[in-house]
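In: Here you go, sequence then predicted model.
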Amino acid sequence: MQADNTYKSIWRISYPIIIGLMAQNLMVVIDTAFLGRLGEVTLGAAAIGGIFYLCLVMLGAGFAVGLQIVIGRRNGEGRYRQIGSVFDHALYFMVALAILLFLFLTFIAPVFLSWFLRSELILAESLTYLDFRRFGFLFGFMVLTFNSFYIGITRTRLLIASTSLMATINILLDYSLIFGHFGMPAMGIAGAATATNIAEVMTFLFFLLWSLRNKTLPNYRLFRFHRPNWMQYKPLFRVAIPVMFQYFLSFAAWFVFFMVIEQIGETALAASNITRSFYMLLMIPVWGLCSATNTLVSNIIGQGRSHEVIPLIKKVLLTGMLSTLVIIQLTLFIPGRIAGLFTNEPHLIDATIPLLHVISLALFAFAFGMILFSGLSGTGKTLVALIIEILSITFYLVSAFLMVFFFDATAPMVWFVEVIYFSIMGLVSLAYLRTGKWKVFKI
């Protein structure tokens, strides 16, 4: 299916992604709410262990975004039969990556975390989480690959069903395995990891069965599994590898950010984890628009309509800003109630409220920066996007480090760095898009 440069097309592709992300991020929020009942240490450990795991997952997620861009381009060009071969080669790569990351978490992660964490209790809980969560790489990456395929061919409505299934299974198992309900063992933080692993396996099976039974998919020639061919990987790696490192660096920076916050204290770290969970939930509409932007820009260029890219990005940007204006009303007017969903401890609620105020402004910067950045990535100029990411992250981490270690900044002051980070990303992306150099790039 080919895309159009209209608000209707933007919404048609975006809304299933947004609903799917809503279900997926609801898992994170409920995880945090459940673990918050186990105390500050478990909540802080979930932040460290969860973000460390996400840093590694972002290598697969970045590859999946590159895959989505390539599939979107082939879809726009009408070269449907090549999409299946690209998809199959992506599966080969994802399996190999999952094995490597499993080995990394098994043998290297414990030593790595012990170098940086000051609290022995948080270190022990974080390692428990990672010990169980490492089994989720393989099926989690398979789900990402299917997501990229269906977004790339602009059939995004299936994502509503898949992510709703994942969220439902995860939430039910969270409640059962964290606290030991319905005859299940009370596993604490390990139960949260196990619940997510099982949910990913079931979502993969859903995608597989749907794809095998769907009569319209044979046109794409999925699951032929020919011998790996370097010529198939060349355009895929050219686009995907910079995105892999860009996504990894982005979440690695967030991991370092939380390590810096941990130096302030366990309360600051726990409050930041609550803020992170709700922050990610409020990011969902813009994330959906960013994913749609990747596909729409690549698809339109594939149709030979490069002149429509900038007007398209402007429409997405306007939509993102308006949606952000609506959702920040929650953090502005009822921050105490939001914090109370995650913890019963008054001092922790008080520590969280200022952070929720800060992210109100950060969400506007996020919408501005990420939509422009996604538009640039959708053109295929992912190496340029990686350079912009490195520039923005360098400023981000240096600022956070200086504020904590040299100026004794509070957690809200450190969180304000998010605003600067996304603003830089957006301004530099806009400057490059206006040069028009991306118009001659071929995938």
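Out: Received it, and whenever you're ready, just let me know what you need. Numbers count the residues shown, from 1 in each chain.
In: I'd like to know how many residues surround Leu325.
Out: Leu325 is flanked by 12 other residues according to other CB atoms under 10 Å. (C-beta placed from N, C-alpha, C; glycine too.)
In: so it is in which element?
Out: helix 309-327 (DSSP states H and E).
In: likewise Phe132?
Out: Per DSSP H and E: Phe132 is located in helix 120-133.
In: Over the helix or strand just after that helix, what's the mean pLDDT, rounded is fine.
Out: Sequence order places helix 137-152 as the next helix or strand after helix 120-133, per DSSP H and E. Helix 137-152 shows a mean pLDDT of 93.
In: likewise stretch 183-193?
Out: Per-residue pLDDT over stretch 183-193 has a mean of 92.
In: I figured Asp31 was touching Ala192, is that so?
Out: Yes. Taking contacts as CB atoms under 8 Å, Asp31 lies within contact range of Ala192: 5.1 Å.
In: From Pro335, how far off is the closest residue to Glu345 other than its chain neighbours?
Out: Computed as CB to CB, 6 or more residues apart in numbering, the closest residue to Glu345 that is not its neighbour in sequence is Glu40, at 7.6 Å. To Pro335, Glu40 is 19 Å away according to CB to CB, to the nearest Å.
In: coming back round to it: for the residue nearest to Glu345, give me its contacts.
Out: Glu266, Thr267, Leu269, Ala270, Glu345, Leu348 (CB atoms under 8 Å, 6 or more residues apart in numbering).
In: so who does the first one touch?
Out: If I follow you right, that is Glu266. Here Glu266 is in contact with Glu40, Val41, Gly44, Ser119, Ile122 (criterion: CB under 8 Å, 6+ apart).
In: Then the last one?
Out: Leu348 makes contact with Glu40, Thr267, Ala270, Ala271, Ile274, Ala339, according to CB under 8 Å, 6+ apart.
In: just checking, next helix/strand downstream of the one helix or strand the fifth one maps to?
Out: When elements are defined using DSSP H and E, Ile274 is found to belong to helix 266-282. As assigned by DSSP H and E, the chain's next helix or strand after helix 266-282 is helix 284-302.
In: Look up how far Asp408 lies from the residue nearest to Glu345.
Out: For Glu40 relative to Asp408 (CB to CB), the value is 21 Å.
In: what's the spacing between the nearest residue to Phe278 once chain neighbours are set aside and Leu205?
Out: Nearest residue to Phe278, sequence neighbours excluded (CB to CB, 6+ apart): Ile338, at 5.9 Å. To Leu205, Ile338 is 35 Å away according to CB to CB.
In: Mind checking which of these two has more residues around it?
Out: Neighbours were counted for Ile338 and for Leu205 using other CB under 10 Å; Ile338 has more, 21 against 13.
In: Quickly find the element holding that one.
Out: Using DSSP H and E, the element containing Ile338 is helix 335-340.
In: So for that helix, mean pLDDT?
Out: Confidence for helix 335-340, expressed as mean pLDDT, is 88.
In: now swap in stretch 312-323 and tell me
Out: 94.
In: list the buried ones in that stretch?
Out: Of the residues in stretch 312-323, those buried by neighbour count under the rule 16 or more other CB atoms under 10 Å are Leu312, Ile313, Lys315, Val316, Leu317, Thr319, Gly320, Ser323.
In: and the gap between Asn75 and Arg238?
Out: From Asn75 to Arg238 the distance is 18 Å (CB to CB).
In: Now for Arg305, how many residues are close by?
Out: Neighbourhood size, Arg305 [other CB under 10 Å]: 16.
In: any idea how far it lies from Glu77?
Out: 12 Å.
In: tell me the angle of the longest helix seen in the chain relative to helix 137-152?
Out: Taking DSSP state H as the criterion, the chain has its longest helix at helix 40-77. Relative orientation of helix 40-77 versus helix 137-152 (axes from the mean of the first three to the mean of the last three CA atoms, to 10 degrees): 40 degrees.
In: Could you give the average pLDDT over the very next helix or strand once past helix 40-77?
Out: Downstream of helix 40-77, the next assigned helix or strand under DSSP H and E is helix 81-107. Averaging pLDDT along helix 81-107 yields 94.
In: Show me how far the helix or strand just after helix 81-107 is from its chain's centre.
Out: Where DSSP H and E defines the elements, the next helix or strand beyond helix 81-107 is helix 109-116. Taking CA atoms, centre = their mean, to the nearest Å, one finds the center of helix 109-116 at 24 Å from the center of the full chain.
In: Flag the shaky bits of the stretch 251-400 of the chain, pLDDT-wise.
Out: Along the stretch 251-400 of the chain, the model assigns pLDDT under 70 to no residue.
In: so what's the closest residue to Ala45 other than its chain neighbours up against?
Out: Once flanking residues are discounted, Ala45 sits nearest to Glu125: 3.2 Å by CB to CB, 6+ apart. Applying CB under 8 Å, 6+ apart, we find Glu125 in contact with Val41, Thr42, Gly44, Ala45, Ala46, Gly49, Ile189.
In: ok, the fifth one touching Ile189?
Out: When you say that, I think you mean Ala46. Yes. Ala46 lies in contact with Ile189 (CB under 8 Å); the separation is 6.2 Å.
In: Spell out which residues are contacts of both of these two.
Out: Counting by CB under 8 Å, 6+ apart, the shared contacts of Ala46 and Ile189 are Leu35, Glu125, Tyr129.
In: Now pLDDT too, for the residues you listed, in TSV please.
Out: TSV is the format used below for the shared contacts of Ala46 and Ile189 (pLDDT from 0 to 100):
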residue	pLDDT
Leu35	83
Glu125	91
Tyr129	93
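In: and which of the residues you listed is nearest to Gly60?
Out: Distance to Gly60, by CB to CB, is smallest for Tyr129 among the shared contacts of Ala46 and Ile189, at 18.6 Å.
In: which residues does the closest one contact?
Out: Ala45, Ala46, Gly49, Gly50, Tyr53, Ile189, Ala190, Ala192, Ala193.
In: Save these as JSON lines, and put in neighbour count and distance to Met166 too.
Out: Compiled in JSON lines, the contacts of Tyr129 are given as follows (neighbours: other CB atoms under 10 Å; distance: CB to CB, whole Å):
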{"residue": "Ala45", "neighbour count": "30", "distance to Met166": "23"}
{"residue": "Ala46", "neighbour count": "28", "distance to Met166": "19"}
{"residue": "Gly49", "neighbour count": "26", "distance to Met166": "20"}
{"residue": "Gly50", "neighbour count": "27", "distance to Met166": "16"}
{"residue": "Tyr53", "neighbour count": "25", "distance to Met166": "16"}
{"residue": "Ile189", "neighbour count": "26", "distance to Met166": "20"}
{"residue": "Ala190", "neighbour count": "18", "distance to Met166": "19"}
{"residue": "Ala192", "neighbour count": "30", "distance to Met166": "14"}
{"residue": "Ala193", "neighbour count": "26", "distance to Met166": "15"}
